[in-house]
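Q: I'd like to go over a predicted model; first the sequence, then the structure.
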Amino acid sequence: MIQTLLPAGLLLLCGVIWRILEPGGLPVAQVRQQLNVLNIYLLIPGMIFSVILSSQIGSETWLLPIAAWLVIGTCLIFNVGVYRHLLSSTPDASKGAMILAGSFGNGVGLATPVVIALYGLDAARVPILYTLLGSLPITWTIGVAISLGHAGHRIGPMWQHLLNSPPLWAALTSLAIVSSPFELSEPLIASLDMLARAAVPLMLFTVGLSLNIKGFARLRMALPAIFSKSLLSPLVALLVGQALGLNGATLGALVVTAATASFNVGVVLADRYDLDVELYGVTVAVTATLYFCLLPIWSWLIH
């Protein structure tokens, strides 16, 4: 497994080193923002089309969003309970950031490259459908509501953010094509495959750019969220997946997806709603590190 994951880890490390050195004098925030735009509007939609159009879409495909709702719902209940009741003296901005960080994962950005490395390209449908049909709707409804409840302003209707998501539309469109007699031309499919291959390394590099090591002195406040994201989430996913009858690569990919680090979209929410961005960044860094450290354990439990 170490040899399988080493290339992914090295690409992520390249992003971390770039963040430190800032080659060319460009601010890392600007580089990350531009790469995220490229990922979200071109590479990730292309990868989604490529994966879903080449996958066997069966009944278990529609179980993945259900699994996502159950896993994320459990983590939300845990984090809301801890931060609003047991740690009620925590500042509201920190509470909101930690509830988000401990409940939602980086399914497309981090889990997809890892799932491809472990289980092959066909298994990439698991983090894609888990995230886009399961996690994304909750993010832009309940996630935004949590952000609003711990901040004080909003930036527009939640449904606008949900609909303004090229990866979501790519998933829905590709599922519609697979379910119809319509077939894409070979040159177009080849182009989508090229986008898919380009998306994986760039997503890992971008995650590395996002890792923030500032604010580690406040790590204690983030421990419940770290526990929820790194341990509770994959354990619940394992139980839910088995209860839904998932097995093999699908179950493995589900657990690997649920175990992934706190999601990068949370940084956007934290920044827009004046939540604790620094603490959120620390949580992303720790959960990303734990993600790679704990992967052998999840693989052992699954098998």
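A: Cool, the structure landed. Numbering: from 1, shown residues only.
Q: low-scoring pLDDT stretches of the protein, where are they?
A: Within the chain, the set of residues satisfying pLDDT under 70 comprises 1-4, 56-57, 151-162, 213-215, 264-265, 268.
Q: As a quick check, tell me the outermost residue of it.
A: The centre of the chain is farthest from one residue, residue 181, which by CA atoms, centre = their mean lies 31.8 Å away.
Q: how close does it get to residue 58?
A: As judged by CB to CB, to the nearest Å, residue 181 and residue 58 stand 18 Å apart. From N, CA and C alone the C-beta is placed, and that goes for glycine too.
Q: quick revisit: can you give me phi and psi for the residue farthest from the centre of the chain?
A: Main-chain torsions, residue 181, degrees, to the nearest 10: phi -80, psi 0.
Q: do the same with residue 262
A: Phi and psi for residue 262, reported as degrees, to the nearest 10, are phi -50, psi 140.
Q: got the contact list for the residue nearest the centre of the chain?
A: Centrality entry for the chain: nearest residue to the mean C-alpha point is residue 106, 1.4 Å, by CA atoms, centre = their mean. Applying CB atoms under 8 Å, 6 or more residues apart in numbering, we find residue 106 in contact with 207, 260, 261, 262, 263, 264.
Q: Excluding sequence neighbours, find me the nearest residue to it.
A: Nearest residue to residue 106, sequence neighbours excluded (CB to CB, 6 or more residues apart in numbering): residue 263, at 4.4 Å.
Q: Neighbours of the one you found, how many?
A: Neighbours of residue 263 under the rule other CB atoms under 10 Å: 28.
Q: Same question for residue 227.
A: For residue 227, the neighbour count with other CB under 10 Å is 17.
Q: re earlier: which of the contacts of residue 106 count as buried?
A: Buried members of the contacts of residue 106, scored by 16 or more other CB atoms under 10 Å, are 207, 260, 261, 262, 263, 264.
Q: Residue 90 belongs to a helix?
A: No. When DSSP: H, G, I helix; E, B strand; the rest coil is applied, residue 90 is found to be coil, with no helix at that position.
Q: how far away is it from residue 225?
A: Distance from residue 90 to residue 225, counting by CB to CB: 11 Å.
Q: Equivalent analysis for residue 51, please.
A: As judged by CB to CB, residue 51 and residue 225 stand 30 Å apart.
Q: Need the CA coordinates for stretch 267-276. CSV is fine.
A: Extracted in CSV, the C-alpha atoms of stretch 267-276 (Å, rounded to 0.1, in the frame of the first residue of the first chain):
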residue,chain,number,x,y,z
VAL,A,267,-12.2,27.3,3.9
VAL,A,268,-14.4,29.2,1.5
LEU,A,269,-17.4,29.0,3.9
ALA,A,270,-15.2,29.9,6.9
ASP,A,271,-13.8,32.9,5.0
ARG,A,272,-17.2,34.2,3.7
TYR,A,273,-19.0,33.9,7.0
ASP,A,274,-16.1,35.2,9.2
LEU,A,275,-15.5,31.8,11.0
ASP,A,276,-12.2,30.8,12.4
